[in-house]
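Chemist: Fold the stuff below for me.
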Amino acid sequence: MQKGGKVLGIEGTAWNLSAAIFGEDLVSLYSSPYQPLSGGIHPREAAQHHASAMREVVSRVLTDPDEITAVAFSQGPGLGPCLRTVATAARALALALDVPLIGVNHCVAHVEIGQWATGCRDPITLYVSGANTQVLGYLNGRYRIFGETLDIGLGNGLDKFARSKDFPHPGGPKIEALARGGRYIDLPYTVKGMDLAFSGLISAAQESRADIEDVCHSLQETAFGMCVEVTERALAQAGKDEVLLVGGVAANGRLREMLKTMCEERGAELFVPERQFCGDNGAMIAYTGRIMLESGATVPVEASRANSHYRANEVDVVWRHGEVLRPAEEGPRRGAEAVVTIDDDTVMKRRVSKSYRAAALDTRLITERTRAEARLIAAARKAGVSTPILFDVTGDTIMMERVEGTILRDATTPENLERAGVAVGRLHAAGIVHGDLTTSNMIERGGRCVLIDFGLAHSSSEIEDRGVDLHVLFQTLESTTENPDKLREAFLRGYATALPGAEGVRTREEEIERRGRYL
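Modeler: Here you go, the predicted structure:
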């Protein structure tokens, strides 16, 4: 274990080549961004820029090579040609300086520099950049991914829309400016449990014939509303009280405002680093490299290949100790979406208005989800799935049976997960996808699994939708339990007994997991 000294960090996963020196504090930082002549980022052109600018960028910060105790570099995720250029330079510098080499996960570095810059200790992190959109939280030695985009990163989606309107690159500032003068119009809102999808939203915005100010306004309100909803759901699931916003899109004032409102309503605190630490920067690599060096997390040169699909939850976070995810309080009365009132025999679930959302969007979601939930609970029960009995339904409220039992979040045993697999298999066989399949929405009662909270449920027999349903559950197990693989296999055993063709769904879920999020 090595203490003290200064670490040189080089960041170059995509458009921005940046280097920094970090000792007890940030010593120096210099960046040279790649600006495409037209369109989006061209990976090989960006890599050529990095190669030609590398000497200048490093020399601007490396004024005293003798003080350097390690060289850290962004090992992934990112654009392959850019990552390889940075990795080659980092190896050469480490060998020339005769110091250790440290491969840093780009996503983890955003979280670490954010915590250092703001002073938060154990947040749920919303990481929103060009190519990445993820909600992360720390548990037992790793950063767990609560939810993420299933198609494109939000920043890339905004840039794609901007290019279609001939806005300058990057498109976010222009969209934000136009949005201030717009009014809300309906656009697709796609939240699948803890995950998000932006492609349909971006396409609809591109094709809309409404005034450009209204389209920009609604694009932001819809996309940011999705992000804030999933972040709130992660807060409720994890029982944490801090939210950290990082990534290039963190510069957007409306996103910050929406997150702040959500946090205030939940009694949580929002943390946002100063702008130089939000986007890709060498300081986050140098700082994370330094704390990794102090814990002995170096990498041999021969094992330092760039990894364009390097997942945050693959990193062994050896520099944090003794911190565990805090479960939500027993019997929570407020989840991420509704206030639940319980008496001896009855549960009243009332969807509450979210003041961070556009009023028209909020009203639409409350009405659609309440109606769909009641209809699909009844359909699932008719198909032999254990659900609460419905008593009454209004525009925003469902009265139903109180289900006595143990929430699976508090009893994640293989036996209970196998029963859950049977219940979900029957649900899918009935052509219903739950949409929010977490262990907080399953109750063990008398040897059976009761499914609750159908607020995001919808009718579908598509293998993709079933795969996403399972993916949401497996992400929850990964982010909240110590033995997710064993629990996953138990669930799949039960699932296979109740659904013909279950193996195909399992294969599709594995495909969803493998899909690159850096597009």
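
Chemist: Name the SS class of D392, please.
Modeler: Using DSSP: H, G, I helix; E, B strand; the rest coil, the structure places D392 in strand.

Chemist: Correct me if wrong: it contacts A374.
Modeler: No - between D392 and A374 there is no contact under Cβ atoms under 8 Å: 9.3 Å. (Glycine included, C-beta is placed from N, CA and C.)

Chemist: The two - which one has more neighbours?
Modeler: Neighbour tally, D392 and A374, criterion other Cβ atoms under 10 Å: the higher count belongs to A374, 19 against 11.

Chemist: Give me the three-state assignment for that one.
Modeler: With three-state DSSP as the basis, the three-state label of A374 is helix.

Chemist: any idea how far it is from D98?
Modeler: Distance of A374 to D98, computed by Cβ to Cβ, to the nearest Å: 68 Å.

Chemist: One more: G78?
Modeler: 27 Å.

Chemist: again with V191
Modeler: Using Cβ to Cβ, V191 is found at 51 Å from D98.

Chemist: Looking at those two now, which is surrounded by more residues?
Modeler: Taking other Cβ under 10 Å, V191 and D98 do not tie; V191 has more neighbours (19 against 7).

Chemist: any idea how far the more buried one is from T149?
Modeler: 11 Å.

Chemist: A94 now?
Modeler: Here A94 is placed at a distance of 34 Å from T149 (Cβ to Cβ).

Chemist: Let me see the mean pLDDT of the longest helix seen in the chain.
Modeler: Longest helix in the chain by number of residues (criterion: DSSP state H): helix 212-238. Per-region confidence: helix 212-238 scores 95 on mean pLDDT.

Chemist: same check, this time on stretch 378-394
Modeler: The model assigns stretch 378-394 a mean pLDDT of 96.

Chemist: Show me what counts as buried in it.
Modeler: Within stretch 378-394, the residues scored as buried using 16 or more other Cβ atoms under 10 Å are A379, A380, R381, V385, S386, T387, P388, L390, V393.

Chemist: and it, how far out from the chain's middle?
Modeler: 32 Å (Cα atoms, centre = their mean, to the nearest Å).

Chemist: which non-adjacent residue is nearest A250?
Modeler: Nearest residue to A250, sequence neighbours excluded (Cβ to Cβ, 6 or more residues apart in numbering): C278, at 4.2 Å.

Chemist: mind checking how far the one you found is from R445?
Modeler: Separation of C278 from R445 (Cβ to Cβ): 46 Å.

Chemist: So which of these two has more stuff around it?
Modeler: More crowded of C278 and R445, by other Cβ under 10 Å: C278, with 24 against 13.

Chemist: Spit out the contact partners of the more buried one.
Modeler: With contact set as Cβ atoms under 8 Å, 6 or more residues apart in numbering, C278 has these partners: L245, V246, G247, G248, A250, A251, V272.

Chemist: Which one (most neighbours) among these?
Modeler: Taking other Cβ under 10 Å as the neighbour criterion, V246 ranks highest of those with 32 neighbours.

Chemist: thought that one was touching N132?
Modeler: No - at 9.9 Å, V246 does not count as touching N132 under the criterion of Cβ under 8 Å.

Chemist: Need the three-state assignment for G103.
Modeler: Using three-state DSSP, the structure places G103 in strand.

Chemist: With G147 instead?
Modeler: strand.

Chemist: Test my guess that it contacts D195.
Modeler: Yes - using Cβ under 8 Å, G147 makes contact with D195 at a distance of 4.9 Å.

Chemist: Next, show the common contact partners of those two.
Modeler: V230, V472, Q475.

Chemist: Would you reformat those residues as CSV and include distance to L83 and neighbour count?
Modeler: Listed next are the shared contacts of G147 and D195 as CSV, based on distance: Cβ to Cβ, whole Å; neighbours: other Cβ atoms under 10 Å:
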residue, distance to L83, neighbour count
V230, 28, 26
V472, 29, 24
Q475, 25, 24
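
Chemist: wait, which of those residues is closest to A420?
Modeler: Comparing those against A420 with Cβ to Cβ places V472 closest, at 12.8 Å.
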